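In: For reference, the sequence and a predicted model appear below.
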Amino acid sequence: MGYFRAFCLVVGLAVIAGPGLADQTDPRLEPLFEQLKSESQPAEAVSIAQEIWAIWLEPTDPAVQSFMKSGLDAMNRGNNRAALDAFDQVISIAPDFAEGWNKRATVHFLLNNLQKSLADITATLELEPRHFGALSGRGLVFVKLRKFEPALSAFEEALIISPQLAEAKANIKAIRKLLGQREI
């Protein structure tokens with residue numbers, strides 16, 4: 001159903017961006033989300049989503065930048081324990097930084113700590129309700145838990161924010177087929 005491909009897309013987008021000086025409260029996000037929602041061309045939507053990810057990955061604090069970089073580097077090396085430690089530090093220093101929670105949720109998913117992943121996704125969405133990556137991640141966790149109705153809802157929520165999100169579309173189609181539901 002493309003779980004790994006969806007995860008790789010999310011992590012790949014995260015790695016593209018380098019640390020800077022913003023976060024989920026950055027005023028540049030609002031127009032980008034408006035563009036994302038109305039963009040009909042998949043390639044353009046991917047470009048807009050990458051811009052959003054770049055902003056989400058820009059913590060305002062230099063210490064948070066350092067721990068985010070360490071965590072992302074550890075994830076890229078497959079060292080999920082070190083990544084978890086780094087993202088724990090991010091959350092400790094900056095509990096209002098949504099992407100710290102989202103990255104820790106991803107690591108928990110990779111470690112099969114699914115309830116912890118869901119808790120961190122909830123924290124992410126409390127800080128950034130438009131986080132289509134967290135919504136897709138929630139869908140992937142629910143798929144892994146074999147809770148297909150909530151997974152379907154999570155992917156559908158992601159599509160409301162990012163209508164061209166190919167992996168969410170693919171997962172919705174696969175889940176509907178599994179559940180015997182027709183496309184709407």
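Out: Here it is on my side, so go on.
In: Now do the phi/psi pair for the spatially most central residue of the chain.
Out: Taking Cα atoms, centre = their mean, the centroid of the chain lies closest to residue 133, which sits 2.5 Å from it. Dihedral pair for residue 133: phi -70, psi -40, per degrees, to the nearest 10.
In: Tell me where this structure has helices.
Out: 3-16, 29-38, 42-56, 62-77, 80-93, 98-110, 114-127, 132-144, 148-161, 166-179 (DSSP state H).
In: Report the buried residues of the fifth one.
Out: For helix 80-93, burial by neighbour count (16 or more other Cβ atoms under 10 Å) applies to 80, 82-84, 86-87, 89-91. Where C-beta positions appear, they are placed from N, C-alpha and C, glycine not excepted.
In: Then the longest one?
Out: Of the residues in helix 62-77, those scored as buried under the neighbour-count criterion (16+ other Cβ under 10 Å) are 64-68, 70-72, 74-75.
In: Please apply the same query to the last one.
Out: Judged by neighbour count using 16+ other Cβ under 10 Å, the buried positions of helix 166-179 are 167-169, 171-172, 174-175.
In: Could you report the pLDDT at the residue nearest to the centre of the chain?
Out: Model confidence at residue 133, given as pLDDT, is 96.
In: now swap in residue 57 and tell me
Out: Turning to residue 57, the model gives it a pLDDT of 89.
In: hang on, it packs against residue 68?
Out: Yes. Counting by Cβ atoms under 8 Å, residue 57 touches residue 68, with 6.9 Å between them.
In: Might you list the low-confidence residue ranges for this protein?
Out: The chain contains residues with pLDDT under 70 at 1-22, 182-184.
In: if we can go back for a sec, could the helices of the chain go into TSV alongside distance to residue 23?
Out: Output for those, formatted as TSV (distance: least, Cβ to Cβ, whole Å):
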stretch	distance to residue 23
helix 3-16	14
helix 29-38	9
helix 42-56	7
helix 62-77	9
helix 80-93	11
helix 98-110	7
helix 114-127	9
helix 132-144	14
helix 148-161	18
helix 166-179	24
